[in-house]
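Participant: Dropping a prediction and its sequence here:
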Protein chains: 4
Amino acid sequence: MILWDKPREECGVFGVFGHPAAAEVTYYALIALQHRGQEAAGIASTADGRMYSHRGLGLLTDVFADVPLQRLPGRAAIGHVRYSTAGSNTVQNAQPIVVGTHQGNLALAHNGNLVNARQLRIELEKQGSLFQSTSDTEVVLHLIARAGRGSLVENIQAALRQVVGGYALVFLSDDALIAVRDPHGLRPLALGRLGDAWAVASESCAFETIGATFVRDVEPGEMILVDERGLRTIPPAARVPKRLCTFEHIYFARPDSDIDGWNVHAIRKQLGRILARKHPAQGDIVIGVPDSSISAAAGFAEASGIPLEMGLVKNRYIARTFIQPSQELRDAGVRLKLNAVRSVVDGRRVVLIDDSIVRGTTSRRIVQLLREAGATEVHVRIASPPYKSTCHYGIDTSSKGQLVAASHTVEEIRELIGADSLAFLTVDELMSAFGFAPGSAYPFCNACFTGAYPTPVHDMEKLANETRASAAVAPRRATTGVSG
Amino acid sequence: MILWDKPREECGVFGVFGHPAAAEVTYYALIALQHRGQEAAGIASTADGRMYSHRGLGLLTDVFADVPLQRLPGRAAIGHVRYSTAGSNTVQNAQPIVVGTHQGNLALAHNGNLVNARQLRIELEKQGSLFQSTSDTEVVLHLIARAGRGSLVENIQAALRQVVGGYALVFLSDDALIAVRDPHGLRPLALGRLGDAWAVASESCAFETIGATFVRDVEPGEMILVDERGLRTIPPAARVPKRLCTFEHIYFARPDSDIDGWNVHAIRKQLGRILARKHPAQGDIVIGVPDSSISAAAGFAEASGIPLEMGLVKNRYIARTFIQPSQELRDAGVRLKLNAVRSVVDGRRVVLIDDSIVRGTTSRRIVQLLREAGATEVHVRIASPPYKSTCHYGIDTSSKGQLVAASHTVEEIRELIGADSLAFLTVDELMSAFGFAPGSAYPFCNACFTGAYPTPVHDMEKLANETRASAAVAPRRATTGVSG
Amino acid sequence: MILWDKPREECGVFGVFGHPAAAEVTYYALIALQHRGQEAAGIASTADGRMYSHRGLGLLTDVFADVPLQRLPGRAAIGHVRYSTAGSNTVQNAQPIVVGTHQGNLALAHNGNLVNARQLRIELEKQGSLFQSTSDTEVVLHLIARAGRGSLVENIQAALRQVVGGYALVFLSDDALIAVRDPHGLRPLALGRLGDAWAVASESCAFETIGATFVRDVEPGEMILVDERGLRTIPPAARVPKRLCTFEHIYFARPDSDIDGWNVHAIRKQLGRILARKHPAQGDIVIGVPDSSISAAAGFAEASGIPLEMGLVKNRYIARTFIQPSQELRDAGVRLKLNAVRSVVDGRRVVLIDDSIVRGTTSRRIVQLLREAGATEVHVRIASPPYKSTCHYGIDTSSKGQLVAASHTVEEIRELIGADSLAFLTVDELMSAFGFAPGSAYPFCNACFTGAYPTPVHDMEKLANETRASAAVAPRRATTGVSG
Amino acid sequence: MILWDKPREECGVFGVFGHPAAAEVTYYALIALQHRGQEAAGIASTADGRMYSHRGLGLLTDVFADVPLQRLPGRAAIGHVRYSTAGSNTVQNAQPIVVGTHQGNLALAHNGNLVNARQLRIELEKQGSLFQSTSDTEVVLHLIARAGRGSLVENIQAALRQVVGGYALVFLSDDALIAVRDPHGLRPLALGRLGDAWAVASESCAFETIGATFVRDVEPGEMILVDERGLRTIPPAARVPKRLCTFEHIYFARPDSDIDGWNVHAIRKQLGRILARKHPAQGDIVIGVPDSSISAAAGFAEASGIPLEMGLVKNRYIARTFIQPSQELRDAGVRLKLNAVRSVVDGRRVVLIDDSIVRGTTSRRIVQLLREAGATEVHVRIASPPYKSTCHYGIDTSSKGQLVAASHTVEEIRELIGADSLAFLTVDELMSAFGFAPGSAYPFCNACFTGAYPTPVHDMEKLANETRASAAVAPRRATTGVSG
């Protein structure tokens, strides 16, 4: 019933240094990043050489429902919201992970995925490292702990030279905040200013929420270090091509975020306009699938002159504790996530705008909903190219076998979802929304559409399948700690 | 920070008779009605002469988080979601209320407000009735219990002859479902069909969700009785003028609901079109306040030709357990409910569409947000007339003293909220959206705009103020019962 | 496995008037009375004409786990711990019950049982009273509310003239504490002094705990009224014979309580001495079943000269949330409540002292435990007469059909429990422990041993069976309220 | 008020291999061991190469209140109950700790304390080991992980060669249960048989509870390995003198346990008899402090001929969520843990038997209670020698500065606690209860009485003080995991 048929972002990260209410600021920033992960959340703070942390399963507001933020004192804090990708959804895998090392306490919040985490872990275990979670974030910490006699920054650099993948990492030590973005820039990370304090966040919308100013994106490969002496930036040793994730713009990010210089809402609206021009449809009304496709639908409506209508309504009250309907009720047609608005749809030819099709099941259901509500025709237009290949850099789609576009033509997908017509954007059209002419070089990762991965991907596909098997064991739980 | 500056709907009700999974159906229907009240929820069911109930504070999904629906067996059930108006927000005031009478068990779910509840209660207490809640719903039950030797239907009729106000009542006895709408139709109630079962709901969107068919609105004053022999309808003894609530259309109801013959989204879009024609504004973009004003904004954009943009983003993850920010952070500009999208707003003249202004504080904040995000002008257009008088029929606004339009001119309000221009609809313009020409008779209650109440209102204003003082004592709690 | 094979006391009550921390005092007093009921608990307090209450299922410490006692302000409070007898174990049946009447708020905590509650309820329902619980306590409140124009004291008196049964009632109104004991004194109630404040409690051990002084027992039929003017006592209109409950001394009460002039531990020890003299046994060691039979065992050991040993150990950590063992483990011999101490028992002839035998299942199990631990003989001596008749005054035993002594001879019971010998006290021997010579009149109710009830008992036996069928539906829940 | 004035046992451990319901068996065994630690509990099980675990703060029944035991599948499981000694009381410090190593998953439950844990941790951190808790148990796991290329047994042996202290360790790997007792036998560990399965437990009372048979104690230094091939025992490489903990017998262990050949109850009773003979007192009654001193009191009464009475009653309902009384009520005399029985005590000369005096505060309070209840004289007799030195092997007493006997003579202590007379056993008398003649060698650790530690103790005293400062941060929490 409540099939989740979208790529699922794995995480949002945040960090702040130099603010008297660091944990509280982190809490509100994570509220703004909650769309990036609703399965677990946590905050760690540092004061007087001691590390305080609390993390748990569920929404941030649930995890902190009975834990006063005063229990996380100090002027520096990092936080994390998580949608489980690698590793089961247990509280051990919630972040930030906090460990004790010979250099003091170290906490880490991580957005992304390492493609060689498995091999590194096997190697580390052979050398006597103990793992207490199944997340690949712990691998990074072990590499740092074993990096030797250098400074923390040097040890992080040494560790990161060994890992391959997409990541935005935010570290908190007893006296510094350190943030690093992977060399390709596969995962986003932004820098902000809040009075005298510095902050980093997965998306700039977090700055808006806490009253901070968005300064700039952290550069691919850049390391940002903030301590009592202020902010320092450490550029990457060697530059590699930028490979920014287009799917952040297409689906994940909040429309009010600016990522790598583009506003998310503006890009989506532009994708809608391009769709209208390149893949027009005869319809009486344009309907976007709420919430992520509303911008694209508005662009389509604007460019096509077909009026935009609210023909689908999303139910906002389906929380974690929601009781799944019995098979009997499902068969009888209980529909919980989306309702079609009969008065809007009845007797109309509908142009339905969606941001992507992953497995196709949701699209089929929506087309059916619209027809049952009286739509005479349903023309589906997708504001991205066909999604054909699994992402290995931090996005939890299905395995390749479940991606409908991996094994079906557009016509076959059209038939499968029951639409009267169906069209996708091409990669060139997608790139044109960012201002790149057809055939020109562009700084994006489009591997999910093209299969051209910017890094070696090792045995990721195999691993993804295995991991999923072990998910969803634990109830809503939390864990609180003090170290030092 | 999270000021709630809208009229707050008090309740949604639902009932079903003749379905093997009656409580489960009620659960999903209440999910669709959750926007009508998030402070308490409950379900009662009946089987074999015994009444089962569970109710508690919080969202429905929280209230039933660890209570299997199988504990509420039977083929008939009623449910309720509540936004506390009269009576404190304690679990005793959660509904359905279940009582034992000489005619067996009786459960009641109530949307609305009785203007003479207080006098009736004093009278009943004098006669030896015991009250276990502070809700006026309990008054109705006492009147029924004392109505004498008649049938349950006759006793309900006798009781309702004594009450004045707006209500949609859904009763569950050991063998029947009874639904009644007040004589003026001040509160909505709809009838639906789910296979062989009959259902009633505050809004038709609940039927869509559970796979039921919307049959028709329950008529003002009509009583619907469903038992094993089927459905019977009992018309009102005497007809009084219809006084349907316009605010359901303007703000409360879900856009996919049809109420009394009008689709909510369509009315809102039409209000936006009329606004554009009658109260035009010079702007570069149109922005609606999410979520309720998006339809009106789309209508305004369509009629004015000014493009609709998503310039405000609402945070969807502010749950009941949300930790309020400290004064310090509030002063520093933490903003949690809405973010302005700088890339959209910066350097633009914004036409801001909102559905209503109650106290004015939210409007001021939004105008400020937009200006901080770079808007060069902000022209506010409100898709309803100035809200000047307290509602006494089930809508929890502030007391009259807090209604900004009760004591300020439009120009004063404009100044107060910091807009460059401000305009409201007139009542005539509002009515024209429903198809009623200026000056013609219309079947609506516009008392909140005009002060012309369709019933005597007794000492309601005084009561409303007193009641508020005692609210908000209890933590999230629930209560479960079996009677009979 | 964890068969509960003892009569179960239904309630403990407490009240205090004139103490600045009335609710807190009540909390600690209820801790001392918790042995009288572990299924539900609650406190109500009054301040400035408003009544505050919180009650829920489970131990007092659980019910108040996240409810600060400051939420129950005022200088007067009453409290209740409950073992469900009449009425299901739902939070609606938790006490104190708080109602609104034309004379203001009224809260009631009740220990005992009314034998004519059912008829009274039917009559009240016919007159239009609404019942929101299934407890007979609510009946008392309705009778008071309907008693007419008198003062609260007069109305309570009028109500109590209509009820028959055993009760200790503690009322809290907006300005007074009122305590009443039933005319026969079937349920205990004691009066204490705490500085300037007055307190009443089911047992005097509560006074010890809160640092109060035990003043005297409340007399059968006496009403105690405490308000700002001080304490007044209102004697019964007509005296009836005292019928004090012997089972309070035999099993229920805490050994450190004094009830009606006798110390509980002293009585039990005396019963053990009498057992040893009248029903001697040849054994190597005396073992008492912990905890209630340790006093009697000490008396038996003292009088017989056989050494007292700790041969059975009770597990103290079986809480409400305990997971019941699977049938498989039960069959395999998991034993959770009691362990036999092999080193003590092995090769010995054991004299096992227990306070009573109700169904016989526990006795059989203990005898078996001792034999498995190597006891060569087990001689069971019971420090009370055979329990043959159901109590109708507030003690939840089984229905008569389950009382093993109702249908079996002593020899048959001996065989059933597998003992080498078995003896009970006679009623005369029991009475002699209190100082009453054989054949002389005594002021006790021994109905459970003799079947001679001091009041008519109506259809109680039938009711008891019906009620049990509906018990145990709800999870641990609580409810909080403010009235007035 | 509720001063805890006893040495606090830190842990109980249990393990079972070869039982179809291994986790369930562990649950009930831990119930029987719950007296050894009430602050945290957990269970880990293994099935098909995967490790399942759940642990949390609070009583076992609370930790598993909403976690079905079916979530811990498999035929082998280990469990732990904890009273925090080293390391704060956070869920990270709850056990069993589960880690991933190059040899697969490994879980560990630990009772005891390592005196060189701190130095080992610093060394390990320098080598790149990451610590996720502050417990010294994690040190053992790191040592094993780094032990190299040997088998798991060899690696454990290598690790244990580096640690100094008292311990009973129970490991669970993917295919074996391994139990080890420290070379001196400072902490107890017993072996049992449950059908075809083998079990180990801190105390034999756990076997009684689960229907298992107590086979024998695990020998000091012995390692027990149980896998699908059966049980193997690996004797210590080198024998060191037995140094069994006398305090297990004096205070910690359950009276129904047999430890190292002595029954706990029998030893205690014998200590009471010796007290009576060597340190007689003139009294009318003997009273033991419940529960741990009842056996000794019975022995004293038997040997002295003075009758044993129940003059102190313990409140059994003070749970973890108990609300501490305000200072005001404390000053006013609220007494929650123990009540004196006036009817028993009044006018009597009391001989009070207690097992030990640690800080003296509880003793003073009890003497005062008895005097307030009318005792004319109070003669205190302690069934152990003066407790003068901190234990470093797993018992959480106060630091040496808080041990009253470390800095006061017996006469000074007598005065401090307000007794009429006071006497302790001598170490020789204590040893004689176990059958060792004065001056003869005995296999016990009496360091807490003599200061003669059987191992070097490093900087333990300093560490103990530091650690305590960081305790008690977290609310009741739990964590659940699946590894492998």
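Facilitator: Here it is on my side, so go on. Residues are numbered from 1 along each chain as shown, chains lettered A, B, ... in the order given.

Participant: Tell me, what's the model's pLDDT at the closest residue to chain C within the stretch 1-150 of chain A?
Facilitator: As assessed by C-beta to the nearest C-beta, chain C sits closest to A:Asp66 within the stretch 1-150 of chain A, at 7.4 Å. Any C-beta I mention is one placed from the backbone N, CA and C, and that applies to glycine too. Note on A:Asp66: pLDDT of 75.

Participant: if I read this right, it contacts C:Asp66, doesn't it?
Facilitator: Yes. Contact criterion C-beta atoms under 8 Å: A:Asp66 and C:Asp66 qualify, at 7.4 Å.

Participant: Tell me the buried residues in stretch A:60-78?
Facilitator: For stretch A:60-78, burial by neighbour count (16 or more other C-beta atoms under 10 Å in any protein chain shown) applies to A:60-65, A:67, A:69, A:71-78.

Participant: My error: substitute stretch A:41-51 in the last question.
Facilitator: Buried residues in stretch A:41-51, counting neighbours by 16+ other C-beta under 10 Å, are found at A:41-47, A:50-51.

Participant: Mark which of those residues are part of strands, please.
Facilitator: A:41-47, A:50-51 (DSSP state E).

Participant: quick one: secondary structure of the residue of the stretch 1-150 of chain A closest to chain C?
Facilitator: coil (DSSP: H, G, I helix; E, B strand; the rest coil).

Participant: re the thing from before, which of the buried residues of stretch A:41-51 come close to chain D?
Facilitator: A:Arg50 (C-beta under 8 Å from any C-beta of the partner chain).

Participant: What is the nearest of the buried residues of stretch A:41-51 to chain B?
Facilitator: Proximity of the buried residues of stretch A:41-51 to chain B (C-beta to the nearest C-beta) peaks at A:Ala41, which lies at 10.1 Å.

Participant: I'd like the distance between the nearest residue to the closest one once chain neighbours are set aside and chain D.
Facilitator: Among residues not flanking A:Ala41 along the chain, A:Leu60 sits closest, at 4.1 Å (C-beta to C-beta, 6 or more residues apart in numbering or on different chains). In this view, A:Leu60 and chain D are 16 Å apart by C-beta to the nearest C-beta, to the nearest Å.

Participant: A:Lys337 too?
Facilitator: Computed as C-beta to the nearest C-beta, the A:Lys337 to chain D distance reads 27 Å.

Participant: and that residue, backbone torsions?
Facilitator: A:Lys337 adopts backbone torsions of phi -90, psi -40, taken as degrees, to the nearest 10.

Participant: Surely it is in contact with A:Lys314?
Facilitator: Yes. Taking contacts as C-beta under 8 Å, A:Lys337 lies within contact range of A:Lys314: 6.7 Å.

Participant: These two: who's more crowded?
Facilitator: Comparing A:Lys337 with A:Lys314 by other C-beta atoms under 10 Å in any protein chain shown, the one with more neighbours is A:Lys337, at 18 against 14.

Participant: For burial, what's the neighbour tally of the residue nearest to A:His184 when sequence neighbours are not counted?
Facilitator: Distances taken as C-beta to C-beta, 6+ apart put A:Arg243 closest to A:His184, at 3.8 Å, once the chain neighbours are dropped. Neighbours of A:Arg243 under the rule other C-beta under 10 Å: 24.

Participant: quick one: contacts for A:Ala23?
Facilitator: Counting by C-beta atoms under 8 Å, 6 or more residues apart in numbering or on different chains, A:Ala23 touches A:43, A:45, A:52, A:69, A:72-74, A:77.

Participant: just A:Val404 next, same as before
Facilitator: A:357-360, A:413, A:416.

Participant: In terms of pLDDT, where does it sit?
Facilitator: For A:Val404, the model assigns a pLDDT of 93.

Participant: Could you give the backbone dihedrals for it?
Facilitator: Main-chain dihedrals, A:Val404, degrees, to the nearest 10: phi -60, psi -30.

Participant: would you list the ones in strands among the buried residues of stretch A:41-51 in TSV and tack on distance to C:Ala433?
Facilitator: Output for those, formatted as TSV (distance: C-beta to C-beta, whole Å):
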residue	distance to C:Ala433
A:Ala41	64
A:Gly42	63
A:Ile43	64
A:Ala44	66
A:Ser45	65
A:Thr46	68
A:Ala47	65
A:Arg50	63
A:Met51	65
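
Participant: so how far is A:Tyr28 from the residue of the stretch 1-150 of chain A closest to chain C?
Facilitator: Noted for A:Asp66: a distance of 18 Å to A:Tyr28, by C-beta to C-beta, to the nearest Å.

Participant: cool, A:Ala206 as well?
Facilitator: When distance is defined by C-beta to C-beta, A:Ala206 is 8 Å away from A:Tyr28.
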